[in-house]
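[1] Quick check, what structure comes out for this input:
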Amino acid sequence: MLIRISIVFLMLSFSLLAQEARASFAKGAYAVFEKAECRSCHNSDGVAAGTRLLFPEGEVSPDRIEAFGRSLVNLVERLDPAKSLLLEKPTKRVGHVGGERIKPGSPEEATVRAWIDQLTKLSGDELAKALQYREEEESGGGRPAPRVELRRLTHSQYNQTVKDLLGDGSRPADRFPPEDFVNGFRNQIQAQSLSPLLIEGYSEAAEKIAQSALRGGDTRGLIGCKAASPACRTKFVKDFGLKAFRRPLDAGEQKRYEALFSAEKEFLKGAQLVIEAMLQSSNFLFRLEDTSDPKWKPYATASRLSYGLWDTMPDADLFAAAEKGQLSTPKGVEAQVRRMMDHPRAKQALNEFVGQWLRFDRILTASKDRRKHPSFTRETAVAMTEEAKLFVNDLVWNDKNFMELFTAPYGYVNGELASIYGVPAPAQEFGKVNFPAASERAGILGQALFLASTAKPDESSPTARGLFIREQFLCQHVPDPPAGVNTNLPPFSADRPQTNRERLSEHVTNPGCAACHSLIDPIGFGFEKFDAVGARRDKFVLTSPGRTREDRGKTIKAWELEIDSTGFVAGVASSQFSSPEKLGAVLGQSTQCQECIAKQYFRYTYGRTETAADRPIIRKMTDDFRRSQFRFKELILSLMLSRETPGGTVHAARNYQSR
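    Residues are numbered from 1 along each chain as shown. Got it, this is the predicted structure:
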């Protein structure tokens, strides 16, 4: 009898748990979706970012999760629940880029179906509230943007700042520990901690820069007065402090640095000591992004504009605008932004953004198989980056349609690039050259920089090329491969010569690979007519090397295989292509690509990835970009005029005390 009661009790408990799972989205369907890893694609940076299913991000309350669950009613067929996309897609009964995530007929499918049945019963106010969730998410969900007050100078900004502040062009930051790429850029807040090696580098650099600044006397006029008097000392500390800290010194700072100055009997040595100390202060090494102090706020705005537009400290006009209160209105800020965009420093700063976005570092550190590509040298790599800079600068500063980044039928060629492109070398170094129609090149995708930097030393890499396009031009994050997965392709076999497409076929048949590689490999296949340095080829050539000591280095046999260069971008409508030119046309018209350009500039300028609270800013930037017929200068202006504060609190400054 006792056993029978226990069994009944257990059955009742399981029944109650099942009912609770059905009633609670978090414990039921949500848990199923999380286990199926649906979130990895259905997020703001995922390959399914353009769909109606986006999982809430960050720390989400239980109420928000339930609200998200109810919002899925827009993926439900109320008259025929079994045909709902919320059920049909993950079970792959209909086409699904992510493949089968939930097994048909499984308990997990039953749980999702139970939730769908609940959603079909929503009506009236409940239904209206469920549909309101998406609108709230699009507007930021009422959550504040992360806030930052300080950002460390990047190595590029350090070099430019000491040059403008002291005339020192020795680029001392080039000897600092290298900066890591995070979120696609080197200037991200989360990676701006201070290591002991970096602190030591700052100290050594400050000493050398200060010595150089006054070596041979005040030849640059840094002191600002001729007489070695207390009044001159006070003036130097005040004037130099304003420039070094990008804001006026407070009374305590002024007194402290004057005391340091007067500790040296020799006047110039006292000034040198002040320079050295200020260059090691956190007030120099970290720049103001925002502050609640009203007397410093205009200077924070000036600093934000100067480092955003020029990659260096404010100039005299910007300091004057801050002092006069001219940066407190959108009109005043716009006047400064337009002035600053016309300055040569803006071009130099844009090159820094472009170099990181397009990952110049990869080609500048690349090596190519000398047997296959003997003409590839360091100079060739530099030429590839130079072409890209000239190309982008022409689009931006001559107010052209920036989406021609993908469609322009020309490049900027020197002798080395001409041999890769198969065109005559122009009379002028890096002259503008139209690509022959038969080359099927267009835009950045047809240029050697992209094609060579996304290739292996000896061969093209469809996977790397597809991944680059997903991440850099569509802003979609593809998950890393599972731990322990062998990412090497099957070795070449003389008994069965295969093209890259054939060798990569395992990515489609292996379930552990297919989910991600089906998103990237088909893109890369469209570039297979271009080799590891970006030269065009009509056949895929395989060679079999000698196998004995006497034959080593000799070619025993060669095969010429047909190239299938058809490709597509999963998740992008009508995206079938077979060349850089054709994919460029697709991306040039893609709303996802247009928004991604806005996102990339936001990430670089703000030093962080966007959050849900930033969606209105990103949307406005993209809208302004489109309304201007894709003038990049208007995109810059839109971001700089944003009333939102760049975000993400920097804690590293707390570990580096002012000196």
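[2] What segments of the stretch 501-650 of the chain are helices?
    506-509, 511-524, 580-589, 591-606, 615-627, 632-640 (DSSP state H, counting those that start in this stretch).
[3] Could you export those to JSON lines, including columns for mean pLDDT and distance to Ala455?
    All C-beta spots, glycine's among them, are computed from the backbone N, C-alpha and C. JSON lines is the format used below for the helices of the stretch 501-650 of the chain (pLDDT from 0 to 100; distance: least, CB to CB, whole Å):
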{"stretch": "helix 506-509", "mean pLDDT": "68", "distance to Ala455": "18"}
{"stretch": "helix 511-524", "mean pLDDT": "82", "distance to Ala455": "10"}
{"stretch": "helix 580-589", "mean pLDDT": "98", "distance to Ala455": "14"}
{"stretch": "helix 591-606", "mean pLDDT": "97", "distance to Ala455": "22"}
{"stretch": "helix 615-627", "mean pLDDT": "96", "distance to Ala455": "31"}
{"stretch": "helix 632-640", "mean pLDDT": "97", "distance to Ala455": "28"}
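[4] Can you add distance to Lys235 and give those helices back as CSV?
    Formatted as CSV, the helices of the stretch 501-650 of the chain follow (distance: least, CB to CB, whole Å):
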stretch, distance to Lys235
helix 506-509, 68
helix 511-524, 61
helix 580-589, 56
helix 591-606, 35
helix 615-627, 42
helix 632-640, 33
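[5] nearest to Asp311, of the ones you listed?
    Comparison of these against Asp311 by CB to CB identifies helix 591-606 as nearest, at 10.6 Å.
[6] By neighbour count, which bits of the closest one are buried? Give me those.
    592-606 (16 or more other CB atoms under 10 Å).
[7] same check, this time on stretch 266-276
    267-268, 270-276.
[8] likewise stretch 82-102?
    Under 16+ other CB under 10 Å, the buried positions of stretch 82-102 are 84-91, 96, 98, 100-102.
[9] quick one: contacts for the closest residue to Gly526 other than its chain neighbours?
    Leaving aside its sequence neighbours, Gly526 sits nearest to Gly567 (CB to CB, 6 or more residues apart in numbering; 2.9 Å). Contact partners of Gly567, counting by CB atoms under 8 Å, 6 or more residues apart in numbering, are 522-527, 576-578, 583.
[10] Taking the centroid of the protein, which residue is nearest it?
    Gly184 (3.6 Å; CA atoms, centre = their mean).
[11] How many neighbouring residues does Gly140 have?
    Gly140: 17 surrounding residues under other CB atoms under 10 Å.
[12] wait, what's in contact with the closest residue to it other than its chain neighbours?
    Distances taken as CB to CB, 6+ apart put Ala613 closest to Gly140, at 4.2 Å, once the chain neighbours are dropped. Counting by CB under 8 Å, 6+ apart, Ala613 touches 140-141, 143-146.
[13] measure the residue nearest to the centre of the chain to Thr219 for me?
    42 Å (CB to CB, to the nearest Å).
[14] ok, now Lys324?
    32 Å.
[15] circling back: name whatever forms a beta bridge with the residue nearest to Gly526.
    Phe577 (DSSP bridges).
[16] quick one, strands of the stretch 401-550 of the chain?
    Taking DSSP state E, counting those that start in this stretch, the strands of the stretch 401-550 of the chain run over residues 410-413, 431-434, 539-545.
[17] thinking Pro146 is in contact with Thr611, fair?
    Yes. Taking contacts as CB atoms under 8 Å, Pro146 lies within contact range of Thr611: 6.3 Å.
[18] residue boundaries of the strands in the stretch 51-200 of the chain?
    For the stretch 51-200 of the chain, applying DSSP E, counting those that start in this stretch gives strands covering 150-152.
[19] for the stretch 51-200 of the chain, which spans come out with low pLDDT?
    Applying pLDDT under 70 to the stretch 51-200 of the chain flags the ranges 141-142.
[20] ok so, going back, if I look at the residue nearest to Gly526, how far off is Gln576?
    For Gly567, the distance to Gln576 - CB to CB - is 7 Å.
[21] Could you do Leu166 as well?
    In this view, Leu166 and Gln576 are 56 Å apart by CB to CB.
[22] for Arg147, same thing?
    45 Å.
[23] Repeat that for Asp624.
    From Asp624 across to Gln576, the span is 31 Å (CB to CB).
[24] Between those two, point out the one with more neighbours.
    Legend: neighbour count by other CB under 10 Å for Asp624 and Gln576, higher for Asp624 (17 against 14).
[25] per the record, what domains does this protein have?
    Following automatic domain parsing, the chain resolves into domains at 23-138, 150-342, 354-481+515-589.
[26] can you redo those domains as JSON lines with distance to Thr499?
    Formatted as JSON lines, the domains of the chain follow (distance: least, CB to CB, whole Å):
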{"stretch": "domain 23-138", "distance to Thr499": "24"}
{"stretch": "domain 150-342", "distance to Thr499": "31"}
{"stretch": "domain 354-481+515-589", "distance to Thr499": "5"}
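[27] wouldn't Leu445 be in contact with Pro580 here?
    Yes. Look at Leu445 against Pro580 with CB under 8 Å: they come within range, at 3.9 Å.
[28] Any chance you could list residues touching both of these two?
    With CB under 8 Å, 6+ apart as the test, Leu445 and Pro580 both reach 451, 527.
[29] what's stretch 570-577 in contact with?
    Contacts for stretch 570-577 (CB under 8 Å, 6+ apart): 47-48, 50-51, 97, 474, 518-519, 522, 526, 566-569, 583, 585-586, 590, 592.
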